[in-house]
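A.B. asks: Sequence unavailable; structure follows:
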């Protein structure tokens with residue numbers, strides 16, 4: 001399966017949104033525009049969905065992982081455990 005969005009201009013990116021009835025949904029967004037990321041390259045951003053009206057600004061955001069996280073490489077064989 002492939003998700004596609006033309007994202008040809010800054011401010012437009014493909015996203016998967018998880019919605020809830022209490023307006024606290026989240027999204028995973030792909031961004032490839034260097035001027036919109038902390039470091040040049042491409043990134044996955046986890047944040048509020050387009051209908052989230054209760055997203056906190058600081059202090060209560062978490063990422064929970066049931067397993068291990070690897071990062072810092074350009075191939076599977078060069079990743080380092082975080």
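C.D. replies: Perfect, thanks for sending it. It should be emphasised that the depicted structure is a prediction, and the values quoted were computed from it without experimental measurement.
A.B. asks: Run through the protein and note the low-pLDDT ranges.
C.D. replies: Along the chain, segments meeting pLDDT under 70 span 1, 5, 7, 9, 11, 58-59.
A.B. asks: for it, what spans make up the strands?
C.D. replies: 15-18, 26-31, 43-48, 70-71, 80-81 (DSSP state E).
A.B. asks: neighbours around the spatially closest residue to residue 47 that is not a sequence neighbour, how many?
C.D. replies: Residue nearest to residue 47 in three dimensions, not counting chain neighbours: residue 27, with 5.9 Å by C-beta to C-beta, 6 or more residues apart in numbering. Yep, even glycine has a C-beta here, placed from its N, CA and C like the rest. Residue 27 is flanked by 18 other residues according to other C-beta atoms under 10 Å.
A.B. asks: Just to check, residue 27 is in contact with residue 13?
C.D. replies: No: Residue 27 is beyond contact range of residue 13, at 9.9 Å (criterion: C-beta atoms under 8 Å).
A.B. asks: circling back to that earlier point, which residues touch the residue nearest to residue 47?
C.D. replies: 15, 16, 17, 18, 46, 47, 48, 49, 50 (C-beta atoms under 8 Å, 6 or more residues apart in numbering).
A.B. asks: Next one: it relative to residue 18, how far apart?
C.D. replies: Taking C-beta to C-beta, to the nearest Å as the measure, residue 27 falls 7 Å from residue 18.
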